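Colleague: Model the structure of this input:
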Amino acid sequence: MGETGEPCSRGTIFVAYREATRALWGDEAIERLVRAMPEDAGRAFLSTQSSDEWVPERHVITIADAAWDGPCERDRVTFHRLIDQMIELGFGRVRRILLSLANPPILLRRAADLWREDHTHGTFGYVPLAVDAARITLRDHPYVDSPVQRDAFGEGLRYAMSLCNVRSVTAEATPAPPGALYVLLRWS
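Modeller: Numbering: from 1, shown residues only. Purely as a prediction, here's the structure:
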């Protein structure tokens, strides 16, 4: 697990990105992503097969950037569709039973542990703001410094929460101190 000290995530994220890209745009889009990435990131993107593998978070950021510039054509709605599909094929598939039984407060209470299962670095927390709202915080993680990955993080949270017993969920990035990312989640 992240033996170099470099922030890493489970291979599930790579597999989910790859399968979501294939589901939305086919193998040609995967080849396009790989061509847009540095060689080491592209090789890892193609070769990672399981959640037992740990991959550098910098590669996850590279994939998100390549998807944003490539098949998503810098369109936020299209990018969110990719992130939703990725969550569906990764986190959602793996944790389907938990999500179907949970409500937002239950999921939020488990969120830091779920984060730690899939990421070697970063501090994930939340503050309940109301019965139907919470502020999610991510600190000390490379996603905080990447505009594209910040958006992916917020949309991933929104979509994962939508898999719980709720009608609708919104996510909004809010101002945060340096080194942190805040996302305001509301649900009904």
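Colleague: can we go C-alpha only for contacts and neighbour counts from here?
Modeller: OK.
Colleague: The residue lying closest to Trp54 once chain neighbours are set aside: neighbour count?
Modeller: Leaving aside its chain neighbours, Trp54 sits nearest to Arg10 (4.7 Å; criterion: Cα to Cα, 6 or more residues apart in numbering). By the criterion of other Cα atoms under 10 Å, Arg10 has 22 neighbours.
Colleague: residue contacts, Arg10?
Modeller: Taking Cα atoms under 8 Å, 6 or more residues apart in numbering as the contact definition, Arg10 lies against Ser50, Ser51, Asp52, Glu53, Trp54, Val55, Asp118, His119.
Colleague: let's see 6 Å
Modeller: Ser51, Glu53, Trp54, Asp118 (Cα atoms under 6 Å, 6 or more residues apart in numbering).
Colleague: How about Asn165?
Modeller: Applying Cα under 6 Å, 6+ apart, the residues near Asn165 are Asn103.
Colleague: you'd agree it is in a strand?
Modeller: No - in this structure, Asn165 is coil, not part of a strand, as judged by DSSP: H, G, I helix; E, B strand; the rest coil.
Colleague: phi, psi of it?
Modeller: phi -80, psi 70 (degrees, to the nearest 10).
Colleague: From Arg22, how far off is it?
Modeller: To Arg22, Asn165 is 28 Å away according to Cα to Cα, to the nearest Å.
Colleague: so which helix or strand takes in Leu99?
Modeller: Using DSSP states H and E, Leu99 sits in helix 96-101.
Colleague: any idea how far stretch 72-84 is from the chain center?
Modeller: Chain-centre distance of stretch 72-84: 13 Å, with Cα atoms, centre = their mean, to the nearest Å.
Colleague: should've said stretch 127-145
Modeller: 14 Å.
Colleague: same thing with stretch 44-60?
Modeller: That offset, for stretch 44-60, works out to 14 Å (Cα atoms, centre = their mean).
Colleague: What lies in contact with that stretch?
Modeller: By Cα under 6 Å, 6+ apart, the list of residues contacting stretch 44-60 reads Met1, Pro7, Cys8, Ser9, Arg10, Gly11, Thr12, Phe14, Ala41.
Colleague: now the strands: where do they sit in the protein?
Modeller: If DSSP state E is used as the criterion, the strands of the chain fall at 8-10, 54-56, 123-130, 133-139, 169-174, 180-187.
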